[in-house]
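K.L.:
what follows is a predicted protein model with its sequence.
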Amino acid sequence: MDAIDLDDKLGLFSDHWSPRIIAALNGQEVKLARFIGAFDWHAHPDEDEMFLVLHGSFTMEFRDRSVEVGERQMLVVPRGVEHRPIAEQECSVMLVEPAGLVNTGDADASDRSTTGTWI
């Protein structure tokens, strides 16, 4: 049980759209990721996702609207809602999701699918 320095953990990787697990609790994983550009449209039929912006900002697109999420802001995407994050500039995000969640959800994006790796 040691404190986790988020900036130190973010310094351990530079690739985008590849979440890294930094903690686990109650069947959930806490992950860090770097976003830039647009991700794939997808949904998670049985899982909610939480996004907390640490540095920068991104836009979460939904089929009927877009939501801007800035530094120190968070957004919860309810299960079953189709979405895709887009970042004009690189941003860093903390995610809280059920353990084993594949980041592309129901989309066929096997070249980008990941459940996260521990750092």
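P.N.:
That came in fine, so what should we check first? Numbers count the residues shown, from 1 in each chain.

K.L.:
ok, residues contacting the lengthiest strand in the chain?
P.N.:
Looking across the chain with DSSP state E, the single longest strand is strand 83-98. With contacts defined as Cβ atoms under 8 Å, 6 or more residues apart in numbering, strand 83-98 is touched by 6, 10, 16, 19, 27-43, 47-62, 77. Bear in mind the C-beta positions are built from the backbone N, C-alpha and C, glycine included.

K.L.:
derive a ChimeraX selection command for the buried subset of the residues you listed.
P.N.:
Command for ChimeraX, covering only those of the contacts of strand 83-98 found buried under the criterion 16 or more other Cβ atoms under 10 Å:
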select :10,19,28,29,30,31,32,33,34,35,39,41,42,43,47,49,51,52,53,54,56,57,58,60,61,77
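
K.L.:
restricted to helices, list the contacts of strand 83-98.
P.N.:
Taking DSSP state H, the ones among the contacts of strand 83-98 that sit in helices are 6, 10.

K.L.:
what is the neighbour count of the closest residue to residue 58 other than its chain neighbours?
P.N.:
Leaving aside its sequence neighbours, residue 58 sits nearest to residue 87 (Cβ to Cβ, 6 or more residues apart in numbering; 4.1 Å). By the measure other Cβ atoms under 10 Å, the count of residues near residue 87 is 22.

K.L.:
from residue 59, how far off is residue 87?
P.N.:
8 Å (Cβ to Cβ, to the nearest Å).

K.L.:
same question, residue 84
P.N.:
9 Å.

K.L.:
how about residue 40?
P.N.:
Here residue 40 is placed at a distance of 15 Å from residue 59 (Cβ to Cβ).

K.L.:
how about residue 3?
P.N.:
With distances taken as Cβ to Cβ, residue 3 is found 31 Å from residue 59.

K.L.:
which strand residues bridge residue 50?
P.N.:
Beta-bridge pairing of residue 50 under DSSP bridges involves residue 76, residue 96.

K.L.:
find the nearest non-adjacent residue to the spatially most central residue of the chain, please.
P.N.:
For the chain, the residue nearest the mean C-alpha position is residue 95 (4.6 Å; Cα atoms, centre = their mean). In space, and not counting its chain neighbours, residue 95 is closest to residue 31: 4.4 Å by Cβ to Cβ, 6+ apart.
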